[in-house]
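Chemist: test case, fold it:
(chains A and B)
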There are 2 protein chains.
Amino acid sequence: MTSTLPRTVDPARLQEVLDGRWAHVRRDAREQLGDPKYAPVYGESVQEARERITRLAGELAATGRVGLGFPKQYGGEADAGGSVTSIEMLAYGDLSLMVKAGVQWGLFGGAVQLLGTERHHDAYLPDIMSFALPGCFAMTETGHGSDVQQLRTTCTYDPETRTFDLHTPHEAARKDYIGNAAKDGRMAVVFAQLVTQGRKQGVHAWLVPIRDADGNAMPGVTIGDDGPKAGLLGVDNGRLSFDHVRVPREMLLDRYGQVAEDGTYSSSIANETRRFFTMLGTLVRGRVSVGGSAGSATRMALDIAVRYGEVRRQFAAPGRDREIVLNDYLVHQRKLLPALATSYALAFAQEELVGTMHDLHTAVHEHGEEVDEAAQRELESRAAGLKAATTWHATRTIQTCREALGGAGYLAENRLPQLKADTDVFTTFEGDNTVLLQLVAKGLLTGYRDAFGSLDGWGRVAFVADMVRETVLERTAARGLIARLVDAVPGRDEDVPLRDRGWQLRMFEFRERHTLEGAIRRLRRNAATDGMEPFTVFNSVQDHVLRTASTHIDRVVLEAFVAGIERTTDPAARALLEVLCDLYALSTIEADKGWFLEHGQLTPARSKALTGTVNALLGELRPHAVTLVDGFGIPHAWKNAAVLEEEAARQEAMAAEDARLTTEAGSAAPDDTAVALDVPPGQ
Amino acid sequence: MTSTLPRTVDPARLQEVLDGRWAHVRRDAREQLGDPKYAPVYGESVQEARERITRLAGELAATGRVGLGFPKQYGGEADAGGSVTSIEMLAYGDLSLMVKAGVQWGLFGGAVQLLGTERHHDAYLPDIMSFALPGCFAMTETGHGSDVQQLRTTCTYDPETRTFDLHTPHEAARKDYIGNAAKDGRMAVVFAQLVTQGRKQGVHAWLVPIRDADGNAMPGVTIGDDGPKAGLLGVDNGRLSFDHVRVPREMLLDRYGQVAEDGTYSSSIANETRRFFTMLGTLVRGRVSVGGSAGSATRMALDIAVRYGEVRRQFAAPGRDREIVLNDYLVHQRKLLPALATSYALAFAQEELVGTMHDLHTAVHEHGEEVDEAAQRELESRAAGLKAATTWHATRTIQTCREALGGAGYLAENRLPQLKADTDVFTTFEGDNTVLLQLVAKGLLTGYRDAFGSLDGWGRVAFVADMVRETVLERTAARGLIARLVDAVPGRDEDVPLRDRGWQLRMFEFRERHTLEGAIRRLRRNAATDGMEPFTVFNSVQDHVLRTASTHIDRVVLEAFVAGIERTTDPAARALLEVLCDLYALSTIEADKGWFLEHGQLTPARSKALTGTVNALLGELRPHAVTLVDGFGIPHAWKNAAVLEEEAARQEAMAAEDARLTTEAGSAAPDDTAVALDVPPGQ
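Modeler: Numbers count the residues shown, from 1 in each chain, chains lettered A, B, ... in the order given. Presented below is the predicted three-dimensional model:
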């Protein structure tokens, strides 16, 4: 197969497309964060790491970079998308600093900004932005991390003293894993069940001092340390318990629910569950940031592994003067290139998500528009789904990259160990990924209810009475283009070339729709079964339900890739991205070929051909592997991996030695029998 | 589906079967290693960890446990299988100690024992066993980890001085990742290219002092430190370079190659490559130990995750008083139970491997029998394949377990972070897993050559002239039983129940044979293609070639599971293992169902039924999940995971709180609408 690709592609053209709408924020970060002090440090003790990160957080605040997401009247830039992009760029450096910044200015500052009102903003935002007031986001409890609507901490209003009584009834209700708590936090946004006039009003948030100016715990507040963790050593995660702590009435962050002096509760949102989700919905930025940061860490790992694979050699082959470069091995390509394609795909999807978030946020918080509830729900679902996809991709890919470096990948000096350890928590924090997939699935199933009937609770049996045969999936970016591509697919599926984009899109759509319809059919059947308890109705199809989410996310991501290509003007860059998109689409189909075969969407012959096509794509892309990581635009100074500095010189030394021996001995061609399959059984 | 299983199974009966032939070694370890000093320690600095592990290694030596594998005349027990089992048991404790012990008594001591001769044994084995002489196994170089036949360190004999000149020509040739080198090692077994009388004789090993009694580097020896690593902080990995270091002639470990005083080289094995592989073959114990240790670490992780999942609750469901236990969720079962089944399967396969290794070792080294070359080659292939399978299974499963604990899984106090970090290197040390699969594949393809024709090197074109249509795979354990099961499969494949063991075995066999034949056919076609260079002949089918290895290993493992069940006498334990084996077999087929569909071995309908059957098996096994981890026989004191002590009490506290609220309020039944799918969008 001959490649359709130009010999060389300018990586700057790829970078332009990836940089996207917040290119100026990325440019600025590349210039400012190049300072070696932001690079990760290895082999520190927990205490050293915490002190360094605290100091860096203060220095970061002094640069003014952290104000992007805050209102202009407090010196911010009211640029929600920019603030998330800025966090994503920080994630190329020390991930502890990224998380520390995310806790301080995203979660803590964001909660004060979005759940509080003007008096909170006036009193606290300036100090939050300057890091004079380090704070915590105290939501998760030891007993409830995923189901935070069921938090056990209570905050009971006493009209007598006009204060709330904040209380931790038992250890399961203590706040846990709270960033900034173990060492730095002076205040915390604490989530608890609001009780007033003898009635629970659901979870609300209060701004609560936890340490005095000397750093001692406030009366009634017990602060614990989560101790050493798998990674993120510079983040001081801790535990908070409250023993009947008095909290002044005005410290309730009361944008969505107010308590009058006499204890009367009021809210513009009557339904408690809806109110809770509305409050949480404003905090979607945190989840978007985690997805973005996971993307940066993954690209960093791929950058290191691809560059190493380009110079590292192992095993001779007959007729070759030097040993084979790792990137030339098919199985090495199989490890790295589909992951690289997926990283591009996810970067485009993330860019789209950030834009949507920014526009919705700006409409409501800057222009005072009404919340578009459907759009907000869609945003939350997209943020949840992409967070799960990008963080699992990060965990898998960083592991692959670490193994692709062999023993060198286990040494801290080559960066992979920290990337792996620091990002590991991404799969479960800001929402456990499995639980997030369930949230996405719920959104998809709820979409059915909205369109076709009522679906009032899993326990109540009544699923939509008639299943529709055809579901029209809402297309995402580049709607028109995608419709044209799909409609243009000629003839029967078996005859369409595998690299036809319309066919690929159709396969992703078909799988999503069919999976969704099947899940609904099975849920309905279960619900109609006499004596089946509600939990079993759901649980017996939980795997199927989660698949509706993952197939949905796959489609969203592919469509974002297609839209990204559409924005690419440079012909060579565009041609390369087209091939990369083929690899993303076809390796995704290949990984799930069992399903497509089961459902008659691939014949056995076509399924086998798919493997050959993916291998051919790897061959086409292989010469461009370094260009593709160049396109990420990661400054060399941020990489901090010793092998990138040293390996090329080592290979040169060996080549020079071989040349000298050849001259001396007349011949030093590798032994014909010592070929790639001749692998020693020893270490 | 109603379960065929007894209500309760005695885990002691499972443990008996798993404990197997070296049950006495395991029993002994459970008694002696229960001392808290062997438990892993969290949050140490590199220096603290190294000092503690060095101290523990000395204390371990003092117990006499480390002598199992050494000859009786030096106070050992000449029990190769016991020594590997002992390492496997150490792996339940601090993995740094396991690796330190593996380096000292397995790699270093083993090399002196197996590559050296009596004078080396007399002079050094007693001090090696007592840890008075800590040593290194210096094979890997920075430039050559996988292809160690191409090491660049040279050791040139000078008849004048009757010494060797050991030299590191450039940085790529320095010894790297060497355990015991950075701090403790006094001597090293150094592998280098032997040159004498102007001729290279290939890689040999010398015993070389690297530090004097005061711990200073010997003249000409440069010792470096690999610095912080992803894990195994207590192991002092380092780098060694030699600047024309004089090594006395008698320090050559000369069992397989001798240099006379005048420099004349002699060996009983004429072919250099064959000699090298023979030398390395004696060191197979290291690879077997890594596989065994990976198994222990994986079982430890599963033990923690399954027990946590049994008490941890999250999300209410209509009609249930308390929140749902994690292990009741189908998707949680999907994560943990197939991994548990695979762990049983691999444990049986490992047990079989250790037995084979022990018997071969004992025949040659204790009874002085000739090496059975075919059996030795088969052992090395099996060791390589199982090492790859168990270590990748460990990496995947420990990650899954860590995620199954949510945020708690990220805290060092819950053990998973260390298990993950410490075992991570297993996939690339003692042989990179991908390279090992290639070794297995080579063995399978070579088997063809031996049986059917000549195959003299990838570069020489001549693959077997005629492909045989039917290949008889050599069956492993319980040959007769497996043949009976396969032969007893009634009728057409589509009609056979999925849980028929014979059908499952037939599917594994068919896949292996078909994959192997296909790889050979493609290699032959490539080799016959004019102008295709040798590397491309191989590389264009590398993915297919590696699949021959993985499908082979899968079959070996399934057959070992079947043989293990056959040894189980307790009817209840046996019934449980039968169901667990179904889960292993069917989830393995399910994971590769695309292949079985492509090759007409599953109809689409049967493939869909497979998913339902796997889910049904999960339901059958779910009540026995804790019994199955109990069967591993891991003493509670070794687990050292805080959640196992604390979570049950927390759940009781919440239940008590709910009961109190119910009494107070008259009702506290969960809100009907707050069901499992209602997942908050916030953290």
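Chemist: helix/strand/coil for A:Thr156?
Modeler: When classified by DSSP: H, G, I helix; E, B strand; the rest coil, A:Thr156 comes out as strand.
Chemist: which SS class is the nearest residue to it once chain neighbours are set aside?
Modeler: Nearest-residue entry for A:Thr156: A:Val195, 4.2 Å, with adjacent residues in sequence omitted and distances by C-beta to C-beta, 6 or more residues apart in numbering or on different chains. (Glycine included, C-beta is placed from N, CA and C.) Going by three-state DSSP, the secondary structure assigned to A:Val195 is strand.
Chemist: A:Val195 and A:Tyr157 touch, don't they?
Modeler: Yes - between A:Val195 and A:Tyr157 there is a contact under C-beta atoms under 8 Å: 6.9 Å.
Chemist: okay, these two: which has more neighbours?
Modeler: A:Tyr157 (25 against 19; other C-beta atoms under 10 Å in any protein chain shown).
Chemist: what residues of the lowest-mean-pLDDT helix or strand in chain A count as buried?
Modeler: Taking mean pLDDT, DSSP states H and E as the measure, the helices and strands of chain A show their lowest mean at helix A:433-452, namely a mean of 78. Across helix A:433-452, burial judged by 16 or more other C-beta atoms under 10 Å in any protein chain shown covers A:433-445, A:447-448, A:452.
Chemist: in a helix, that's where A:Asp262 is, yeah?
Modeler: No - counting by three-state DSSP, one finds A:Asp262 to be coil, located in no helix.
Chemist: what sits against the nearest residue to it once chain neighbours are set aside?
Modeler: The shortest distance from A:Asp262 to any non-neighbouring residue, by C-beta to C-beta, 6+ apart, is to A:Pro159 (5.2 Å). The neighbours of A:Pro159, taking C-beta atoms under 8 Å, 6 or more residues apart in numbering or on different chains as the test, are A:Glu261, A:Asp262, A:Gly263.
Chemist: look up phi and psi at the first one.
Modeler: Here the main-chain torsion angles of A:Glu261 (degrees, to the nearest 10) amount to phi -60, psi -40.
Chemist: grab the nearest non-local neighbour of it.
Modeler: A:Glu261 sits nearest to A:Arg162 (C-beta to C-beta, 6+ apart), 5.9 Å away.
Chemist: would you agree that neighbour is in contact with A:Ala260?
Modeler: No - using C-beta under 8 Å, A:Arg162 makes no contact with A:Ala260, being 10.1 Å away.
Chemist: which neighbours do these two have in common?
Modeler: By C-beta under 8 Å, 6+ apart, no residue touches both A:Arg162 and A:Ala260.
Chemist: now do the contacts for the residue most central in space within chain A.
Modeler: What sits nearest the mean C-alpha location of chain A, by C-alpha atoms, centre = their mean, is A:Gly291, with 1.7 Å. When contacts are counted by C-beta under 8 Å, 6+ apart, A:Gly291 touches A:Gln350, A:Leu353, A:Ala383, A:Leu386, A:Lys387, A:Ala389, A:Thr390, A:Thr391.
Chemist: out of those, which two are the most distant from each other?
Modeler: Across these, the longest distance by C-beta to C-beta is 13.7 Å; it joins A:Leu353 and A:Thr391.
Chemist: and stretch A:632-642, anywhere near chain B?
Modeler: No - Stretch A:632-642 stays clear of chain B (C-beta under 8 Å from any C-beta of the partner chain), getting no nearer than 9.4 Å.
Chemist: can you give me the end-to-end distance of that stretch?
Modeler: Distance between the two ends of stretch A:632-642: 20 Å, counting by C-alpha to C-alpha, to the nearest Å.
Chemist: not counting its own residues, what contacts it?
Modeler: By C-beta under 8 Å, 6+ apart, stretch A:632-642 touches A:11, A:15, A:18-19, A:26, A:30, A:33-34, A:36, A:38-40, A:92-93, A:299-300, A:302-304, A:308, A:411, A:413-416, A:644.
Chemist: what's next to stretch A:77-84, contact-wise?
Modeler: For stretch A:77-84, the surrounding residues in contact (C-beta under 8 Å, 6+ apart) are A:21-22, A:25, A:67-72, A:105-106, A:285, A:288-289, A:292, A:354-355, A:357-358, A:361-362, A:365-366.
Chemist: filter the contacts of A:Gly291 to keep only those in contact with chain B.
Modeler: Answer for the contacts of A:Gly291 near chain B (C-beta under 8 Å from any C-beta): A:Ala383.
Chemist: which one among the contacts of A:Gly291 gets closest to chain B?
Modeler: Chain B lies nearest to A:Ala383 out of the contacts of A:Gly291, by C-beta to the nearest C-beta, at 7.7 Å.
Chemist: in which helix or strand does that closest one reside?
Modeler: helix A:373-404 (DSSP states H and E).
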